[in-house]
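> Could you work out the structure for the sequence below:
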Amino acid sequence: SGANLTNLTAGNLTGALPAISGANLTGIAATDNVRTGILDVAGIATFRDNVNVIRINDTQVGGYRNMITNGDCLISQRYLDTSNTGYVGTVDMFRTSTPGAMSATKQRVADAPAGTGLYYSLKITNGGSTYSVPSNSNTIYHQVNSLEGYKTRMLSWGTSSARPVTLSFYVKSSQTGTFAVAIGNNTGDQYHSGTSRTFISSYTVSSANTWERKTITFEGDTSGTWVGIGTGGSLSVIWDLGSGGSYQGASTGSWQSSNNFRFSGAKSLGDAASATWQITGIQLEIGRQATDFEHKDYDDVLNECRRHFQTWYYGDMNGTNTVNDNVSGGADNNAATLIATGGVYDADDVHVSAELCPNMRAARPAVADFTNVKVMQGGHMIDDSTYVQGQYSSRDRINLHVDNEGSLTGGYAAAIVLKDSTSIFSISCEI
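Take a look at the predicted model:
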C-alpha cells in the first residue's frame, strides 16, 4: 500500500520500477481524476471516453464567437471595390472618417495575410502630401465599427459582472510605429453623439508593408451607461489614424469617463505622403484569449449587413436592364432594375412600396442614395427630374412619396426604376 511508503529518498530507489496498473490504485474517486484548475498538456491528448466541455475561452462552444460582422470585409455593397472619400461606409458595417484636406481614399482590396482563409482587406491611402492635424483640433481621422445592443448583451458591462473581451485583427501599413485603438460606449446613433466611457489602448506596427496580427484585451467596464439589449448603438471599436487633440486622452489601460480615443504621440497616417493602412480579420470575443478568425457563412454575413444598409445597382436583375428605349416611348420587354411599385396619385406624384428583406435594424431607415432614379408609368419611363418628397419607410417596407415634376396620369400603375449604370438607390440605418 502506498500508505506504508514514507520518507523514501531518491538514493534509495535503484533499478527499474515495475509497471503500475491503474487497477491497483485505490482510494481515488472517479470524479477526482481532473477536478479543478488547469490541465496543461504538451502535444496531443487522447481521451478514451466522452469529454464534456462547458465553455472555451470563457464563452459558449457552439454558435458565433465574433461579435463583429463582416470583419473579413466580404461585403461591400456601397462602393464595391472602387476608391472613395468622406465619412461613409466603405465595406459594410464600418465607417471611415478622413479629413477633407488630406484627400485620403479608402477601398476594399484583394489583399490579405496568406494561410488565413482571408481574401479582402480595407485599405486607406493618404493623399499625395503630408498632413498634420493641429493639436487642439476636433478633426477626426479614424476607422469605426459599431455594435448594437443585441450583439453585446452578454457582456454585462456597466455592472459588477462585466466580462473582458479580446480584440484581434491583422494590420498592414507603410508606416511603422505605435497606433491608438479604443473601445467606447455608444448610446447614440453615431460614436461621438453619445460616448461617455472609453478604454484607450495601443498596438505597434513593427515591419512596414507586412501583415501582422495584433491582440488586445479590454477589461469589462463595471461603470457607465451601456445598452444592454436592443437595436440601438452599444459599443464601438475605434482605430485612430491621426485625429486632433480634442479626442486625445491617456493610454492608461483602464476605463475613462470621456469620448477620447487616442493618446499623445500616437502614430498618424498623415505623417507621410501616400502612406497606407490596411485591416482585415477583425474579431471581438468574450474572454482574455484570442482565437483564430471565425469564418461565417456568406449569406449570414450579407443578411446581417442588409439589416443596416441595402442598395440597388443598375444590373441587379435579369434581362438587359435597359429602360433607355422608353425615353422616346419605345417598347421595352427587358427587366429593368425595379425598386418599388405603386400608383400615380396626380400629375407629378407617385406612391410606391416594396418589401424589405431582411427587415432593417431601425424603425425608420433613411434614403441614403437616390441618384438618377426614374418613374415608370404604363410601361414607359418618364425621364423627368425625380426626388423623394415623403419618406415613410419602416423596418419591413419601403414606402415613398416620389415627385416626378409632371407628365403623369392619375390612377395609372407606377414604379421607380434605375435608369442606367449611373443610377443608384439605397436605404440606411447604419450606426
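> Could I get the buried residue list for the longest helix seen in the chain?
Ranked by residue count and defined by DSSP state H, the top helix of the chain is helix 298-306. In terms of neighbour count (16 or more other CB atoms under 10 Å), helix 298-306 has its buried residues at 301-302, 304-306. C-betas here are computed from N, CA, C, even on glycine.
> Redo the residues you listed as TSV? Include pLDDT.
Output for these, formatted as TSV (pLDDT from 0 to 100):
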residue	pLDDT
Val301	94
Leu302	93
Glu304	93
Cys305	92
Arg306	93
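> Looking at the residues you listed, which is nearest Met154?
Glu304 (16.9 Å; CB to CB).
> is it true that that closest one touches Thr69?
Yes - the pair Glu304 and Thr69 passes the contact test of CB atoms under 8 Å, sitting 4.7 Å apart.
> Find the residues that touch each one of those two.
Contact criterion CB atoms under 8 Å, 6 or more residues apart in numbering; residues shared by Glu304 and Thr69: Met93.
> can you tell me which residues contact Ile124?
So Ile124 contacts 96, 98, 104-106, 143, 241, 269, 276-278 (CB under 8 Å, 6+ apart).
> so it bridges to which residues?
Each beta-bridge partner of Ile124 is listed here, defined by DSSP bridges: Lys106, Trp277.
> For the contacts of Ile124, which two are the farthest from each other?
Thr98 and Gln278 (14.6 Å).
> Compare these two (neighbour count), which wins?
Per other CB atoms under 10 Å, whichever of Thr98 and Gln278 has more neighbours is Thr98, with 29 against 22.
> related to what we said a few turns ago, will you turn the contacts of Ile124 into TSV that also has distance to Ile75 and pLDDT?
As requested, the contacts of Ile124 are exported to TSV (distance: CB to CB, whole Å; pLDDT from 0 to 100):
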residue	distance to Ile75	pLDDT
Thr96	15	82
Thr98	21	76
Ala104	22	81
Thr105	20	84
Lys106	15	86
Gln143	16	81
Leu241	22	88
Leu269	24	89
Thr276	22	95
Trp277	20	95
Gln278	17	96
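> Buried subset of those, written for PyMOL?
Selecting only the buried entries of those in PyMOL, with 16+ other CB under 10 Å as the criterion:
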select buried, resi 96+98+104+105+106+143+241+269+276+277+278
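> just the contacts of Ile124 now: which is nearest Ala362?
Within these, proximity to Ala362 (CB to CB) peaks at Thr96, which comes in at 21.3 Å.
> I figured that closest one hits Thr125, correct?
No - counting by CB under 8 Å, Thr96 sits too far from Thr125 to count as a contact (11.3 Å).
> List the residues that are in contact with both of the two.
Lys106.
> that older thread, ok, the contacts of Ile124 vs Gly342, which is closest?
Of the contacts of Ile124, the one sitting nearest to Gly342 (CB to CB) turns out to be Thr96, at 36.0 Å.
> who's that closest one bridged to?
Bridge pairing for Thr96 - DSSP bridges - gives Val88, Gln143.
> how much space between Gly149 and Thr231?
7 Å (CB to CB, to the nearest Å).
> Phi and psi next, for Asp420.
phi -160, psi -170 (degrees, to the nearest 10).
> Quick check: it vs Tyr313, distance?
In this view, Asp420 and Tyr313 are 11 Å apart by CB to CB.
> next one: Phe370
As judged by CB to CB, Phe370 and Tyr313 stand 13 Å apart.
> Right, I'll call it a day here.
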